[in-house]
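Novice: Structure for this input, please:
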Amino acid sequence: MSIERISRERLEAPPGAVYTETILEPGYNFMLEHYFHPLVETNKAWTVMLYETGIIGEDAAGALLDAILALEAEGREGMGKFDPRYEYFYSQMEHYLIGKAGEEVAGEINIGRTRPEPLVRMVTRERILGTLEELGGLCATLLGIAEREAETVMPQWTHFQHAQLSTVGHYLVGIVDSLGRDSKRLFAAYSTVNQSTLGCGALAGSSYPLNRQLVAELLGFDGFRENTIDCVSSSDFMLETSAALANMMVTLSRLCQDLYIWHTEEFDFVVIGDEYAGSSSMMPQKKNAYPFEYVRARAAHAIGDMASTFGTLHNTNFQDIKDVEEEVVYPVFRSFDEASRSLRLLEGTISSMEIKRENMLEKAARGFGSCTELAAKIHRQTDLSYRTAHRIVGNLVLRAYKAGKHATDVDAALVNESAREVTGRDLDIDDDMVRAALDPTAFVDAHDVAGGPSPHVVRRAVENARARAEENALRVAQARESFVQAREDLDARVERLTGAGQVR
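Specialist: Prediction:
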């Protein structure tokens, strides 16, 4: 075999200029950036397996590993620029190995092996763990603020109308709970991703006595995908990953939308640090909360990338084709990049944010978000049904709005005006009862149900969320440790075959 025509003997012409420019060279550069080290590790593990199963001898294995180690020492630069004579990233690495060890030795790296390998899985699993770590950092920041602001009363909305009262801490725990489910989805994707496909051949495996489990263990996988057609054909692990990333980005976008509105002068609830804000070249008064805009836009990109991933595969044959092997990768990797930037940007921006407690409390007191508690007190202190109490309070709010009154202006006399209109009689209530029912802090304290806004409930929720976050961090650490142990095992086997790393 000529090393100038690796794998192209079936073809009479070399790759054309346009094919090279539009497909081969961009693909090579992408793989060189992302897959160099994974392919080096895969070649090591595959060589060790070939030796330990008796498929190749010790001398061949040692010489091949020496060549692989030489390339590893040189790094990506050792691969050189793309050469269309070798067509693919894999073939160009094989060309290097042939140059070091000769074709008779280096050519053995192909035994029982096809080019669709778990390199994408090796990169993706690492990116998932990195995303989980960055997500954990953001959640830690949110929980720190939630604990600090457990008593910071604020209005909350349904259909963007004042609904009931809550606290900043209660709101942020809700966000962290939602992000916690996003973490679960990322962990689920990780479980699907971290399965080896090595040894699947082109689709039917190999007649060589390959040890697929050994290779999976040496590369830190949890196991291997058994069906060999499934190995080369499926890309559902990328669909699952893209969906998990998009879901997380939607959660972040919704958080940003709230903070973006709260940052306006009309709300005036929060203000971010100047180091994260933008200015205007025309309007000197502006302090723009740009980070929230950036993250919202990147969430839209993640949704688009997810759609691209699903769209790439939806009408493909269940076999090894470029749609499955390469094209599905690009949008997912882009989503990882933008998710990472978004998580880091939000952690910094939110850490810099000032909470305007007085403004929040004033809005909560003037609004009618505590009216459900007034209805509850009327129900508990009278013989009226809750629905009748609800009708009285609804009439009261209408009456107050028409009179230009806020909740802080409501007294027993005004409540009784509504009671007479609804029921034909006064209620046995006084001003103290009405003011206590409408008091925003008292409202929050009274709602101490599981998951409610009462400060002691919120603080307990923060503790529980931190415990779950610690479990997540431990799972990530254990996954990384499994990679370290696998690498140490592989390195030890390589060292035994190469004479303590001495080049032959």
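
Novice: so how many other residues sit close to residue 230?
Specialist: Neighbour count of residue 230, defined by other CB atoms under 10 Å: 14. In this view, the C-beta of every residue, glycine as well, is placed from N, C-alpha and C.

Novice: before we move on, what about residue 269?
Specialist: Close neighbours of residue 269, defined as other CB under 10 Å, add up to 23.

Novice: For it, give me phi and psi.
Specialist: Note on residue 269: backbone dihedrals following degrees, to the nearest 10 are phi -100, psi -30.

Novice: Just the CA atoms of stretch 310-329, as PDB, please.
Specialist: Extracted C-alpha coordinates of stretch 310-329, given in PDB (Å, rounded to 0.1, in the frame of the first residue of the first chain):
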ATOM      1  CA  PHE A 310     -33.200  16.900  15.100                       C
ATOM      2  CA  GLY A 311     -33.700  18.100  11.500                       C
ATOM      3  CA  THR A 312     -30.400  16.800  10.400                       C
ATOM      4  CA  LEU A 313     -31.400  13.200  11.400                       C
ATOM      5  CA  HIS A 314     -35.100  13.100  10.900                       C
ATOM      6  CA  ASN A 315     -35.100  11.700   7.400                       C
ATOM      7  CA  THR A 316     -31.700   9.800   7.300                       C
ATOM      8  CA  ASN A 317     -31.200   6.100   6.900                       C
ATOM      9  CA  PHE A 318     -30.300   4.100  10.000                       C
ATOM     10  CA  GLN A 319     -26.700   3.600   8.900                       C
ATOM     11  CA  ASP A 320     -23.300   5.200   9.000                       C
ATOM     12  CA  ILE A 321     -23.700   8.400   6.900                       C
ATOM     13  CA  LYS A 322     -22.200  11.900   7.200                       C
ATOM     14  CA  ASP A 323     -25.400  13.400   8.600                       C
ATOM     15  CA  VAL A 324     -24.900  11.000  11.600                       C
ATOM     16  CA  GLU A 325     -21.200  11.000  11.800                       C
ATOM     17  CA  GLU A 326     -20.300  14.700  11.400                       C
ATOM     18  CA  GLU A 327     -23.100  17.100  10.500                       C
ATOM     19  CA  VAL A 328     -25.100  16.500  13.700                       C
ATOM     20  CA  VAL A 329     -22.100  17.600  15.800                       C
END
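
Novice: who are the neighbours in contact with residue 353?
Specialist: Residue 353 makes contact with 145, 259, 270-273 under the criterion CB atoms under 8 Å, 6 or more residues apart in numbering.

Novice: these two touch, right, residue 436 and residue 442?
Specialist: Yes. Residue 436 lies in contact with residue 442 (CB atoms under 8 Å); the separation is 5.7 Å.

Novice: just for the protein, where's the confidence low?
Specialist: 1-7, 115-116, 500-504 (pLDDT under 70).

Novice: what about residue 72, distance to residue 136?
Specialist: 32 Å (CB to CB, to the nearest Å).

Novice: quick one, which of those two is more surrounded?
Specialist: Neighbour totals were compared for residue 72 and residue 136, and residue 136 leads with 18 against 15 (other CB under 10 Å).

Novice: contacting residues around that one?
Specialist: So residue 136 contacts 183, 469, 472-473, 476 (CB under 8 Å, 6+ apart).

Novice: Which of those ranks first by neighbour count?
Specialist: residue 183 (23 neighbours).

Novice: Next up, identify which helix or strand that one is on.
Specialist: helix 168-193 (DSSP states H and E).

Novice: List the buried residues for that helix?
Specialist: Buried residues in helix 168-193, counted by 16 or more other CB atoms under 10 Å: 168-176, 178-180, 182-183, 185-187, 189-190, 192-193.

Novice: other SSEs contacting it?
Specialist: helix 119-148, strand 153-158, helix 236-262, helix 455-497 (3 or more CB pairs under 8 Å, 6 or more residues apart in numbering; DSSP states H and E).

Novice: Can you give the distance from it to the centre of its chain?
Specialist: Distance of helix 168-193 from its chain centroid, counting by CA atoms, centre = their mean, to the nearest Å, is 9 Å.

Novice: For the nearest residue to residue 427 once chain neighbours are set aside, the count of nearby residues, please.
Specialist: Nearest residue to residue 427, sequence neighbours excluded (CB to CB, 6 or more residues apart in numbering): residue 419, at 4.8 Å. For residue 419, the tally of surrounding residues (other CB under 10 Å) stands at 25.

Novice: following the helix or strand encompassing residue 419, which helix or strand comes up?
Specialist: Assigned by DSSP H and E, residue 419 belongs to helix 412-423. Of the helices and strands lying after helix 412-423 in sequence (DSSP H and E), the nearest is helix 431-438.

Novice: Show me which residues of that following helix are buried.
Specialist: Quick answer for helix 431-438 (16+ other CB under 10 Å): 433-438.

Novice: Stretch 264-271 too?
Specialist: 267, 269-271.

Novice: Stretch 157-165 too?
Specialist: 162-165.

Novice: I'd like the residues you listed as TSV, with distance to residue 450 and secondary structure appended.
Specialist: Listed next are these as TSV, based on distance: CB to CB, whole Å; DSSP: H, G, I helix; E, B strand; the rest coil:
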residue	distance to residue 450	secondary structure
162	24	strand
163	19	strand
164	16	strand
165	18	strand
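
Novice: And the helices in the stretch 251-400 of the chain?
Specialist: Ranges of helices in the stretch 251-400 of the chain, per DSSP state H, counting those that start in this stretch, are 290-313, 322, 329-351, 357-366, 371-381, 386-402.

Novice: Any idea how far the longest one is from the middle of the chain?
Specialist: The reference is to helix 290-313. Offset of helix 290-313 from its chain centre (CA atoms, centre = their mean): 12 Å.

Novice: which other helices and strands contact it?
Specialist: Using 3+ CB pairs under 8 Å, 6+ apart, helix 290-313 sits against helix 236-262, helix 329-351.

Novice: list the helices and strands the shortest one packs on?
Specialist: Helices and strands touching helix 329-351, by 3+ CB pairs under 8 Å, 6+ apart, are helix 119-148, helix 236-262, helix 290-313.

Novice: Relative to residue 90, which of those helices is closest?
Specialist: helix 119-148 (9.3 Å; CB to CB).

Novice: buried sites along the closest one?
Specialist: For helix 119-148, using 16+ other CB under 10 Å, the buried residues are 119-129, 131-143, 145-147.

Novice: tell me the angle it makes with helix 329-351.
Specialist: 20 degrees (axes from the mean of the first three to the mean of the last three CA atoms, to 10 degrees).

Novice: hmm, back to that, within the sheet, what are the partner strands of the helix or strand just after the helix holding residue 183, with directions?
Specialist: Proceeding N to C from helix 168-193, the next assigned helix or strand is strand 195-196, under DSSP H and E. Here strand 195-196 is paired, per DSSP bridges, with strand 223-224 (parallel).

Novice: what secondary structure does the closest residue to residue 219 other than its chain neighbours sit in?
Specialist: Excluding its sequence neighbours, the residue lying closest to residue 219 (CB to CB, 6+ apart) is residue 45, at 5.2 Å. Secondary structure state of residue 45, per DSSP: H, G, I helix; E, B strand; the rest coil, is helix.

Novice: that older thread, mind putting the helices and strands packed on helix 168-193 in CSV, distance to residue 383 included?
Specialist: Formatted as CSV, those follow (distance: least, CB to CB, whole Å):
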stretch, distance to residue 383
helix 119-148, 41
strand 153-158, 30
helix 236-262, 41
helix 455-497, 31
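
Novice: Out of these, which is closest to residue 396?
Specialist: Smallest distance to residue 396 across those (CB to CB): 18.1 Å, for strand 153-158.

Novice: Quick check: which helices or strands does that closest one pack against?
Specialist: strand 161-167, helix 168-193, helix 357-366, helix 440-446.

Novice: Which one of those lies nearest to residue 65?
Specialist: Nearest to residue 65, of all these, is helix 168-193, at 27.3 Å by CB to CB.

Novice: domains in the protein, as residue ranges please.
Specialist: Annotated domains of the chain cover 17-111, 119-362+454-484, 371-438 [automatic domain parsing].
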